[in-house]
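Undergrad: I'd like to go over a predicted model; first the sequence, then the structure.
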Amino acid sequence: MKAPISSTRDAIAVTAVTLAAFLAASVLDLQEHIARLTQPFERFQADELPVTLVVLSLALLWFAWRRRRQVAAAERALADALAENRRLSQRVLLAQEDERRNLARELHDELGQCLNAIKLDATAIRNDPRALPREVLESAQSIVEVSGRVYDVARGLMQRLRPVALDELGLADALRHLAGEWGRRNAGVECAVELRGELGGLSEQVNITLYRVVQECLTNVTRHARASSVGIALERANGELRLCVRDDGTGLAREAHGGVGLAGLRERVAALDGRLDVLPGSPCGVEIRASIPIAGRQR
Ligand SMILES: Nc1ncnc2c1ncn2[C@@H]1O[C@H](COP(=O)(O)OP(=O)(O)OP(=O)(O)O)[C@@H](O)[C@H]1O
Ligand SMILES: [Mg+2]
């Protein structure tokens with residue numbers, strides 16, 4: 001980003017140049033020379049030029065002052081629009097999380113209960129003491145198995161829609177749980193979690209943002225990195241939360257990609273006035289860093 005232009009420095013430069021011009025003109029008797037030079041062109045009113053130029057300078061000064069005020073007003077409007085944008089993003093994300101929570105609840109309460117009932121009925125048929133035909137028993141057994149599998153899929157969906165662990169365990173344990181589950185599904189990849197500082201009592205939005213960042217980073221490692229180890233570090237210090245997820249995989253591909261995962265994370269973090277950086281890991285892999293200020297925010 002460019003350094004802001006310093007008005008004081010510019011004012012000093014203008015004053016210095018003006019004084020230098022005055023001194024030089026005094027030493028050289030410039031006005032007298034100009035008067036002599038313009039004498040033959042008196043009929044063109046050339047000797048009136050200095051006053052005209054002074055007026056032009058004053059007019060330009062006024063012009064610059066007006067533009068400066070306009071720029072300042074435009075900057076204020078832009079800052080307001082950005083703040084409004086951030087507020088809107090926050091509300092959209094909160095509404096989205098709310099909707100996800102409702103969906104997860106519906107899935108659990110409706111689909112989960114129905115599947116359970118189907119499974120219980122099929123189990124009852126399978127275990128019926130009367131001698132039922134073999135095909136009926138096989139069908140019942142198959143229904144028990146399929147309903148179990150569908151329930152597992154629904155549970156996975158519920159978990160993705162709304163991390164129950166976050167509500168039940170709090171951020172620190174939910175992250176450990178998430179990493180543990182991920183490690184179980186990605187055998188062969190070492191996954192270490194390091195948490196420092198007081199992580200209890202953070203706002204719902206901060207919790208869900210950090211959780212989603214870690215979740216997406218781990219998904220990306222599975223999908224893109226071919227890593228052998230992943231490290232998740234989260235610390236709270238100096239009024240901010242710093243999260244770092246690094247892996248030792250193949251690193252970022254050179255060509256741009258139109259994924260929405262990282263862009264979505266950036267938006268989530270920016271909505272909390274934070275920033276998210278995607279960096280090449282050292283010596284290899286990818287490092288995702290997020291920092292979220294919490295000083296002054298409802299914790
Ligand atoms: N840990 C990683 N290692 C290597 N490349 C990565 C890693 N994380 C992200 N990338 C690269 O960055 C790109 C963008 O990631 P992003 O999460 O935004 O999209 P995606 O994972 O491809 O798709 P989705 O929108 O489903 O998340 C990926 O396509 C991948 O090339
Ligand atoms: Mg992704």
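TA: Ah, there it is. Numbering: from 1, shown residues only. Ligands and ions are numbered 1, 2, ... in the order given.
Undergrad: so the residue in the chain that ligand 1 sits nearest to is in which element?
TA: Closest to ligand 1 within the chain is residue 259: 1.7 Å, counting by CB to the nearest ligand atom. Placement of C-beta: from N, CA and C, glycine included. For residue 259, there is no host helix or strand (DSSP states H and E).
Undergrad: And it, how far from residue 223?
TA: For residue 259, the distance to residue 223 equals 9 Å [CB to CB, to the nearest Å].
Undergrad: same deal with residue 141?
TA: 36 Å.
Undergrad: Ok, residue 110 next?
TA: 31 Å.
Undergrad: cool, residue 230 as well?
TA: 13 Å.
Undergrad: more crowded one of those two?
TA: residue 230 (27 against 10; other CB atoms under 10 Å).
Undergrad: Give me the local confidence score for the single nearest residue of the stretch 51-200 of the chain relative to ligand 2.
TA: At 13.1 Å from ligand 2, residue 160 is the closest residue in the stretch 51-200 of the chain, using CB to the ion. Per-residue pLDDT puts residue 160 at 83.
Undergrad: Ramachandran angles for it?
TA: phi -70, psi -40 (degrees, to the nearest 10).
Undergrad: just residue 192 next, same as before
TA: Taking degrees, to the nearest 10 as the convention, residue 192 sits at phi -110, psi 140.
Undergrad: quick one: contacts for the residue nearest to it when sequence neighbours are not counted?
TA: Nearest residue to residue 192 in three dimensions, chain neighbours excluded: residue 231, at 5.1 Å (CB to CB, 6 or more residues apart in numbering). Contact partners of residue 231, counting by CB atoms under 8 Å, 6 or more residues apart in numbering, are 191-192, 194, 244-247.
Undergrad: Narrow these to those in strands?
TA: 191-192, 194, 244-247 (DSSP state E).
Undergrad: TSV please, covering those residues and showing distance to ligand 1 and neighbour count.
TA: Formatted as TSV, those follow (distance: CB to the nearest ligand atom, whole Å; neighbours: other CB atoms under 10 Å):
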residue	distance to ligand 1	neighbour count
191	13	20
192	16	11
194	18	10
244	13	18
245	8	22
246	9	21
247	5	27
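Undergrad: Let's have the contacts of residue 231 in CSV, adding pLDDT.
TA: Conversion of the contacts of residue 231 to CSV gives the following (pLDDT from 0 to 100):
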residue, pLDDT
191, 95
192, 96
194, 97
244, 98
245, 97
246, 97
247, 96
